[in-house]
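Visitor: sequence and predicted model, in that order:
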Amino acid sequence: MLTLTRAKLHLRLAITEEEAEAYTDEDVLIQGLIDAAYQYAEHATQTTLATRIKTLVLDAFPPGAGKIELPWTPVVAVESLDYIGPGGDEHSLEAEALRLDTRSIYPTLAPQWGSQWPRTTDEPECITITATAGADETPSDVQVALLLLVGHWYENRESVVIGSSSSTVPMGVDMLLAPYRIHSVG
């Protein structure tokens with residue numbers, strides 16, 4: 001995860017880590033820029049780059065033991081699966097009852113071998129899956145892309161720059177994020 005300290009050093013607001021940690025005047029602004037950079041990079045790559053809890057709500061289970069494709073990658077663990085049974089009562093499936101397959105680009109979730117999904121009420125939004133998505137560490141080249149974005153947004157705080165010429169940095173953000181980009185087909 002890109003830290004405030006690293007961003008402050010990149011922005012040249014401090015020379016040492018101690019100075020960066022002591023300088024707190026712009027922490028809210030810089031943290032907002034870091035968060036926005038992560039959002040930009042995750043949208044551009046279709047990959048979850050920072051570890052966070054995600055939730056998926058479904059109207060029904062697939063038939064039998066069919067797989068549920070989770071819309072995030074990578075997925076570290078399924079935290080919970082809650083559903084409403086036919087009688088309107090709430091139930092949970094334990095992690096041991098689930099099979100998380102992370103081999104494909106988007107992980108899938110299925111019941112353990114030899115079992116099927118339970119029956120649910122015939123109402124929308126009766127299943128809630130909560131999972132931890134994202135890598136433990138942000139790769140160094142992605143951190144550099146994030147720092148480039150933070151630096152640009154820190155220096156250019158308006159949507160339009162007047163009176164100066166600009167150009168894209170060769171081998172900049174797009175090139176650094178390219179290896180992590182998931183391409184859609186169709």
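Guide: Great, that's in hand.
Visitor: CA only for contacts and neighbour counts going forward, please
Guide: Fine.
Visitor: if I look at Ile68, how far off is Ile30?
Guide: 38 Å (C-alpha to C-alpha, to the nearest Å).
Visitor: now the residue positioned nearest the centre of the chain: closest residue in space, sequence neighbours ignored.
Guide: Nearest to the mean C-alpha position of the chain, counting by C-alpha atoms, centre = their mean, stands Thr48 at 2.7 Å. Distances taken as C-alpha to C-alpha, 6 or more residues apart in numbering place Gly134 nearest to Thr48, at 4.7 Å, with adjacent residues excluded.
Visitor: can you tell me the helix or strand for the residue nearest to the centre of the chain?
Guide: Per DSSP states H and E: Thr48 is located in neither a helix nor a strand.
Visitor: list phi and psi for it.
Guide: Phi and psi for Thr48, reported as degrees, to the nearest 10, are phi -80, psi 110.
Visitor: and the longest helix anywhere in the chain, what does it pack against?
Guide: When the chain is parsed with DSSP state H, its longest helix is helix 27-45. Here helix 27-45 touches helix 4-10, helix 140-155, helix 173-177, going by 3 or more C-alpha pairs under 8 Å, 6 or more residues apart in numbering; DSSP states H and E.
Visitor: outside of the first one, which residues touch it?
Guide: Right, helix 4-10. 14-17, 20-21, 27, 30-31, 34, 147, 150-151 (C-alpha atoms under 8 Å, 6 or more residues apart in numbering).
Visitor: just the C-alpha atoms of it, please, in PDB.
Guide: Coordinates of each C-alpha in helix 4-10 appear next as PDB, following Å, rounded to 0.1, in the frame of the first residue of the first chain:
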ATOM      1  CA  LEU A   4       1.500   9.000   3.100                       C
ATOM      2  CA  THR A   5       5.200   9.100   4.000                       C
ATOM      3  CA  ARG A   6       6.300   7.800   0.600                       C
ATOM      4  CA  ALA A   7       4.000  10.200  -1.100                       C
ATOM      5  CA  LYS A   8       5.300  13.200   0.800                       C
ATOM      6  CA  LEU A   9       8.900  12.200   0.000                       C
ATOM      7  CA  HIS A  10       7.900  11.900  -3.700                       C
END
